[in-house]
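In: Sequence first, then the predicted structure, then my questions.
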Amino acid sequence: MSYKIILLGSLPKGDEARKSFVDWKRAYQEKLSIAMPGALFLDGDAISDNVGPELVVGHDLSLLKHADLAIVDASTKIGAGTAQEMMMAKYFAKPLVAIMPKNTHHRKTDVIFDGILIKDWIHPFLYVCSDFIAETIEEAIPWIQSTKEGRTQVKDFNIFEEAIEQFERITPGTIVRP
């Protein structure tokens with residue numbers, strides 16, 4: 001049986017924006033096809049937005065539900081749809097790898113928050129949703145191969161409840177601000 005991979009990330013909105021679009025998915029597919037012969041790539045871009053929002057969401061989530069692995073290209077700023085798909089990947093308990101180079105929109109080196117240096121800051125929601133974060137698809141391939149072999153631990157939707165519990169345990173009484 002084929003290993004089904006869904007590629008998630010930013011796509012241009014509208015025909016005009018597509019004219020100059022360089023499809024990042026093709027490069028990922030080429031590299032993954034060499035490392036994982038027989039992999040099947042599920043294409044969320046195979047349906048047009050002109051069919052209506054419910055069918056677009058249903059299509060994309062159906063692909064995610066039936067995928068064996070989700071890969072998110074977060075090398076540029078991701079949109080609302082990709083962020084939602086990441087959360088739904090955890091709902092479906094799918095392995096999720098994020099490709100997030102340093103010093104891009106969602107990952108910064110040597111950032112100071114409230115006077116404290118964070119050497120490798122990663123957007124908290126993307127960090128929590130991701131099972132593995134890599135700077136390149138090549139760096140992610142060994143981890144991706146290990147998911148096919150069942151050698152990785154995958155977060156599920158409980159990761160969000162665990163985050164809430166950790167917050168409430170560490171900072172009791174600070175939930176609501178007036």
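Out: Arrived safely, thanks for sending.

In: which element is the residue lying closest to residue 129 once chain neighbours are set aside on?
Out: Nearest residue to residue 129 in three dimensions, chain neighbours excluded: residue 86, at 4.2 Å (C-beta to C-beta, 6 or more residues apart in numbering). (Glycine included, C-beta is placed from N, CA and C.) Using DSSP states H and E, residue 86 sits in helix 80-91.

In: What is that helix packed up against?
Out: For helix 80-91, the packing partners by 3 or more C-beta pairs under 8 Å, 6 or more residues apart in numbering; DSSP states H and E come out as strand 4-9, helix 53-66, strand 69-73, strand 96-99, helix 124-129, helix 158-170.

In: let's see it at 6 Å
Out: If contacts are counted by 3 or more C-beta pairs under 6 Å, 6 or more residues apart in numbering; DSSP states H and E, helix 80-91 sits against strand 4-9.

In: Show me what the strand it packs on is packed against.
Out: Partner elements for strand 4-9 (3+ C-beta pairs under 6 Å, 6+ apart): strand 40-42, strand 69-73, helix 80-91.

In: just these: most buried one?
Out: Neighbour counts (mean count of other C-beta atoms under 10 Å) averaged over each of these peak at strand 69-73, with a mean of 24.

In: could you give the angle of that strand to strand 4-9?
Out: With axes from the mean of the first three to the mean of the last three C-alpha atoms, to 10 degrees as the basis, strand 69-73 and strand 4-9 are set at 20 degrees to each other.

In: Give me the contacts around strand 69-73.
Out: Outside strand 69-73, the residues that touch it by C-beta atoms under 6 Å, 6 or more residues apart in numbering are 5-9, 24, 89, 94-99, 147.

In: Ok, which of the helices and strands packed on strand 4-9 comes nearest residue 62?
Out: strand 40-42 (9.3 Å; C-beta to C-beta).

In: Pairing partners for that closest one, with directions?
Out: strand 4-9 (parallel) (DSSP bridges).

In: Any chance you could list what contacts the partner strand?
Out: 25, 28, 39-42, 63-64, 67-73, 82, 85.

In: Equivalent analysis for stretch 78-87, please.
Out: Contacts to stretch 78-87, defined as C-beta under 6 Å, 6+ apart, come from residues 8, 9, 10, 129.

In: top of the residues you listed by neighbour count?
Out: residue 8 (28 neighbours; other C-beta atoms under 10 Å).

In: Distance check, the residue lying closest to residue 39 once chain neighbours are set aside against residue 106.
Out: Once flanking residues are discounted, residue 39 sits nearest to residue 3: 5.0 Å by C-beta to C-beta, 6+ apart. According to C-beta to C-beta, to the nearest Å, residue 3 stands 27 Å off from residue 106.
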